Structure formats: structure tokens, C-alpha cells
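Undergrad: With the input below, show me the fold.
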Amino acid sequence: TSSLYSFIVLLLLYPYKLITHQPTPINQSTMSDTQVPGGFAKVAEPFVCGGTAASFASVIIHPIDLAKVRMQLFGQLNPGKIGPSFPALLRGMVQTDGIWSIYKGVDAAIGRQMVYGTARIGLHRTFSNKLVEKNGGKPIGFGQKALSGMASGSIAVCIGTPFDIALVRLQADSMAPVAERRNYKHVFDALIRTTTEEGVGALYKGLAPNILRGMAMNVGMLACYDQAKEISAKVLNDPMIDGPALTTKMASSAIAGFTAALFSLPFDLVKSRLMNQRIDPVTGKLPYSGIVDATLQIAKKEGPLGFFNGFSAYYGRCAPHAMIILLSIESITAHYQKSMY
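TA: Model (predicted):
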């Protein structure tokens, strides 16, 4: 565990040198920020456009995300039982609690993407652009893309984990027995009550697996998308003079959706279990003592495939979420550039 945290700390420090190294452009040594073409609007572009695309995508796929969380928690709440299928779970929710039940926690999902989504996409694009600049404007290798994805993903998770806690709890609350439900009213009620009832540290339960998930997600989605876009453009004979063609974007975003799901699901499952756990009234202890204990218990009780519980729902969430973000961000960026500079 200590080596894991050491690795995470080193990864969080990686962007420092990258960001603080500011080569002075020719003929611009005396220009102020406001005089440089684009100025602050140019710096903010990947963050604003990335956060907008991520929030838009999360609203659309929220019912799938909710089903994914419930399928992941089913094995914990119902040991030994076969979980319901993805369609059956959503159908049962609508029949029992109405159509709006499948949008439980959507406010937390939007809040999470406004923080986490903005940071992970914006930072990845910023780091990648810096690396390309250092490489003389030439495309960078997949290793550097992956490093950028891991660094930006880990930083974003550290910022957005409280909203992730609120989201998981809002989505899972109705699965618990009536007497054990938390009955949060909305995302801010979840954040405030979690802090007052369990302490500030409770907002960061499952931080380690969440960081690993964020790193895996960014590598699978953003780094793989960048790589797949280059490969798809060659295969489809797309010169990408004015940006990638729609066919190139569709192919590369579909690949990125699959790799994002494949790389990150085990970490996402452990994260969900740790974030949703509560003290057992009989033993007075939490079900899991940490990431290692949770991993070992899941492997022992549910087997290796237990880490991929809910893969259908998770892939159904990751693929369209990634595709919506990666396809819409191009249009959002174009509108942003026309409006801002």
C-alpha cells in the first residue's frame, strides 16, 4: 500500500516541471497575457470545452451509470445470488419507483463532471500540448500520452472524489433496507451530512482505487483515443487537414470507449464498494479495511470475474459516454473559438 501511495505522489508531481517550464516565444518576450493571441480564453479552452462535453454526456447516460453502480453493489448486498440483468434492473426501478427513479443522483453526476471531467480532460489536453511543443510540434508516442492521461486523471480524482462519494450513495440508497437508507435529499445534502455524520475524511473513502480508476480511465479513453485517431486516419486515408473526419472520430471514439471500460472496471468496482460501505451494527466494523482487503475479499468470495460484475452496464456507460464526449467536444471547441477569439 505504501508503494502505491508513493507512486501516486510521484505521478501527481510529474506535471509540475511540465507546467512551470515556459519557453519564451520569439518576438513575444515583452507581451502580456492579454496581448498573447487567445490569452486566458486559449488557456481555459480545454477545461471549459471538456467540462461542458463531459457534463452533457453524463446527463444522457445517467440511467446506465446508475444501473452499473447497482449491479456492482449487488454481490456485496446479496452474496451468493445471481444479479439481475441490466435491462431487468432498469425496468424494475421504473415499475417500482417511477420513470424519474432512473435519474436519481443526476445532480451529483453533473457536479462531479463539472469538477472531475473539467480537470481530467483539460489537464490531459494541456499536458499533451506541452509535450507536443517540447517534441518540436511532432506527434508524441503512446507512452507519453499514457503518462499525460495518468497524471491528469489522478489529479482530477483528488479534486472530484467528494462528488463521486455523493453520486454513489445517491444511486445506491434505495437498494438498502428501508431502515438503513440515508435518504439524502440532493447532492449538497449528501455532502453536508456525510461531513457532519462521518467526518471530512469520509468524503475521500476509496480515494486510492478511485485514483487508479481515474488513471486507467484517462489512459483507456483519452490516450487511446489520440492513438486510435492517428491509426484510424491512416487506415481511412483521412488527411485531417481541418481536423479528423466524422468516420475517423467515430472509429477512434468507439475503440476508446472499449479500452476505457476494460482498463478501469476492476478499479471502479472496488471504488464503489469502498465508497458505499457502512459500519456493521453487529461487529462494529466496516466490511473492508482498505483497497487491499476489498480486493482480496472480492477475489475470494466472487472470483476473478467478480471484478467485472456489471461489465455490460459499465461498457454500455463508458462507450456512449466516451463517444459523446469525444464527438461533441470538437463542435463545442469550434463554437468556443468563434465566440472567444
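Undergrad: list the buried ones in the host helix or strand of residue 56?
TA: Element membership for residue 56, per DSSP states H and E: helix 39-77. Using 16 or more other CB atoms under 10 Å as the test for burial, helix 39-77 gives 45-58, 61-76. In this view, the C-beta of every residue, glycine as well, is placed from N, C-alpha and C.
Undergrad: Then stretch 91-105?
TA: Buried-residue list, stretch 91-105, by 16+ other CB under 10 Å: 93, 101, 102, 104, 105.
Undergrad: Same question for stretch 314-334.
TA: Result for stretch 314-334 [16+ other CB under 10 Å]: buried residues 314-326, 328-329, 332-333.
Undergrad: So what touches the helix or strand following the helix holding residue 56?
TA: Counting by DSSP H and E, the element after helix 39-77 in chain order, helix or strand, is helix 86-97. Helix 86-97 is contacted by residues 63-64, 67, 70-71, 84, 101-102, 174, 310, 312-313, 316 when judged by CB atoms under 8 Å, 6 or more residues apart in numbering.
Undergrad: change it to 10 Å
TA: 63-64, 66-68, 70-71, 74, 83-85, 99-102, 104, 174, 310-317 (CB atoms under 10 Å, 6 or more residues apart in numbering).
Undergrad: got the angle for that helix vs helix 39-77?
TA: When axes from the mean of the first three to the mean of the last three CA atoms, to 10 degrees is applied, the directions of helix 86-97 and helix 39-77 differ by 90 degrees.
Undergrad: Extract the C-alpha set from helix 86-97 and format it as CSV.
TA: Output of helix 86-97 as CSV, limited to C-alpha atoms (Å, rounded to 0.1, in the frame of the first residue of the first chain):
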residue,chain,number,x,y,z
PHE,A,86,-29.0,-4.6,-17.0
PRO,A,87,-32.4,-4.2,-18.7
ALA,A,88,-34.3,-6.1,-15.9
LEU,A,89,-32.8,-3.8,-13.3
LEU,A,90,-33.9,-0.6,-15.0
ARG,A,91,-37.3,-2.0,-15.8
GLY,A,92,-37.8,-3.0,-12.2
MET,A,93,-36.9,0.5,-11.0
VAL,A,94,-39.3,2.2,-13.4
GLN,A,95,-42.1,-0.2,-12.4
THR,A,96,-41.4,0.2,-8.6
ASP,A,97,-40.4,3.9,-8.2
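Undergrad: now the chain, which segments are flagged as low pLDDT?
TA: 1-38, 76-77 (pLDDT under 70).
Undergrad: before we move on, the earlier item: restricted to helices, list the buried residues of stretch 91-105.
TA: residue 93 (DSSP state H).
Undergrad: Might you report the residue contacts of residue 182?
TA: Neighbouring residues of residue 182 by CB under 10 Å, 6+ apart: 169, 170, 172, 173, 176, 189, 190, 193, 194, 197, 278.
Undergrad: wait, residue 110
TA: Neighbouring residues of residue 110 by CB under 10 Å, 6+ apart: 54, 55, 56, 58, 59, 62, 117, 163, 167, 187.
Undergrad: try 7 Å this time
TA: Residue 110 sits next to 55, 58, 59 when contact means CB atoms under 7 Å, 6 or more residues apart in numbering.
Undergrad: on that earlier part again, with distance to residue 229 added, can I get the buried residues of stretch 91-105 in TSV?
TA: Output for the buried residues of stretch 91-105, formatted as TSV (distance: CB to CB, whole Å):
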residue	distance to residue 229
93	37
101	38
102	33
104	35
105	32
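Undergrad: gap between the residue positioned nearest the centre of the chain and residue 246?
TA: By CA atoms, centre = their mean, the mean C-alpha position of the chain lies nearest to residue 214, the distance being 5.5 Å. Residue 214 sits 29 Å away from residue 246, going by CB to CB, to the nearest Å.
Undergrad: Can you tell me, leaving aside adjacent residues, what's nearest to residue 226?
TA: Leaving out its chain neighbours, the residue that sits closest to residue 226 by CB to CB, 6 or more residues apart in numbering is residue 145, at 5.3 Å.
Undergrad: so how many other residues sit close to the one you found?
TA: Neighbourhood size, residue 145 [other CB atoms under 10 Å]: 24.
Undergrad: so where do the helices sit in the stretch 101-250 of the chain?
TA: 106-112, 118-134, 142-172, 187-198, 207-218, 224-235, 246-276 (DSSP state H, counting those that start in this stretch).
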